[in-house]
Each structure stands twice: as C-alpha cells, then as structure tokens.
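Visitor: Show me the folded form of this:
(2 chains)
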Amino acid sequence: DAGVTQSPTHLIKTRGQQVTLRCSPISGHKSVSWYQQVLGQGPQFIFQYYEKEERGRGNFPDRFSARQFPNYSSELNVNALLLGDSALYLCASSVLAKNIQYFGAGTRLSVL
Amino acid sequence: AQKVTQAQTEISVVEKEDVTLDCVYETRDTTYYLFWYKQPPSGELVFLIRRNSFDEQNEISGRYSWNFQKSTSSFNFTITASQVVDSAVYFCALIGTNAGKSTFGDGTTLTVKP
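Guide: Down below sits the predicted model:
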C-alpha cells in the first residue's frame, strides 16, 4: 500500500507569491494534519482535518489555509509568502484524529 | 497549553553503547497520547511508539525500550547496543484531549560512530 504522498517535493517561490501544497493520505485514513518544520526544530502543528472538517489549528497567521476533499486528500495554501515561510512542510494521515500519524516525505519550500 | 521538552540537543556515542533520550512534557489534559518518531537524513518521520496516559507499563521492542513515568511527566527512550543505523533525529510528541493539536519537542540528534 502507498504511504502518504506529498507534492511537489521541492518548491522555490519569491516573497509575496502564493503556494499550494498537496497531500494524499494512506488509503482508509480520514484525518490529515499539516506541520511546518524549520531547520533544527521540531514540526510545528498548522492544521488538522478530519472528515473534511477542521479539527484543530496551530498558532499560524491567516495567510495559512487548508482544506480536505471528499477523497480525504488535502491542500495547504500559503498566501503572501515571507522569507520566514521557508521550511519543510509535512503532511501526516491517521485513521482517526487521535490515532498514530504517518508522515509523508514533505515538501521543501524555499522563499527567496 | 502543551509543551514537550527534549533537553538533549545532540548526543554522540560509539557503536554498541546504550543511550537514553529524555522527554519531559506538560499538559493540563488528563487523557493524552505520547509518541516517539525517528527522522533519518532522508527527512521522513518514522513512527516508533505510542503510549496513552493510562498505560504506564514500560515497553520493549527489540533494542528499543520506553520508560513512561506519569509522576515526573517523562517518557524516556533507550536504545540498547546502539548501531550506526540508529543515527537520526528523534522527536517526542504529545496529543492531548483536543485531538486536533499535536506538540513536538525540538528533537535530539543522535550520532552513533563505528
């Protein structure tokens, strides 16, 4: 079975641009979470979605938004990119909201 | 508020040594889950273990063992007879009653030298 897949793998953007990151969960998993990992730090929670509804939101500005589709895949959108948004963005899926989260390989975003 | 502290930023050991990675957490929730993940250089986080707050039994899985002590809010991870392949960043994490929010520590970088 395929694991969590994220696309694209790498992305380079300039300040002020907008970006969309995509995530496909493991088959049968209904919950998707997004994390931002800056070099040298642990993953910081951004959003969790379960059954297409937002179940949790971390301490991130409104420039960050997400949604989950009927097939449980998810998109993370970041508007008005800042240099500080450069990071590895991780997606994790789980069967239920409290279950073990399985992570994808991430999307490395560089903002120039 | 939730907080996970991994005080050891980096640890370096020689192969076959035992090593313990510390994790201390804070939460106001009475029900919560604790996790350990491994992040090798490839970047993908690999799940190692989950423990719920009602289960204080220690667990052993091969060379890995975990010591959960609710009284000290600690969930420590020991690798016995370390190997070079154990070199990675290890993260401790917590999910509280509000399942929508996960908190990770800043990780411990383990280097095992041959």
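
Visitor: Now do residue 17: how many residues are near it, please.
Guide: Using chain A here. Other residues near A:Gln17 number 13, with proximity taken as other CB atoms under 10 Å in any protein chain shown. Heads up, the C-betas are built off the backbone N, CA and C, glycines and all.

Visitor: hm, I was asking about chain B
Guide: B:Glu17 has 13 nearby residues by other CB under 10 Å.

Visitor: starting at the chain centroid, how far to stretch A:55-73?
Guide: Its chain's C-alpha centre and that of stretch A:55-73 lie 8 Å apart, by CA atoms, centre = their mean, to the nearest Å.

Visitor: buried residues in that stretch?
Guide: Buried residues in stretch A:55-73, counted by 16 or more other CB atoms under 10 Å in any protein chain shown: A:Arg55, A:Gly56, A:Gly58, A:Phe60, A:Phe64, A:Ser65, A:Ala66, A:Gln68, A:Tyr72, A:Ser73.

Visitor: Stretch B:24-37 now?
Guide: Going by 16+ other CB under 10 Å, stretch B:24-37 has these buried residues: B:Val24, B:Tyr25, B:Thr27, B:Tyr32, B:Tyr33, B:Leu34, B:Phe35, B:Trp36, B:Tyr37.

Visitor: B:Glu17 versus the closest residue to the fifth one other than its chain neighbours, what's the distance?
Guide: Residue nearest to B:Tyr33 in three dimensions, not counting chain neighbours: B:Ile95, with 4.7 Å by CB to CB, 6 or more residues apart in numbering or on different chains. Using CB to CB, to the nearest Å, B:Ile95 is found at 32 Å from B:Glu17.

Visitor: What of A:Ile46?
Guide: 37 Å.

Visitor: And for B:Asp22, the neighbour number?
Guide: B:Asp22 has 17 nearby residues by other CB under 10 Å.

Visitor: Up against chain A, what does chain B have?
Guide: Within reach of chain A by CB under 8 Å from any CB of the partner chain, chain B has these residues: B:4, B:6, B:33, B:35, B:37, B:42-47, B:50, B:91, B:93, B:95, B:98-107.
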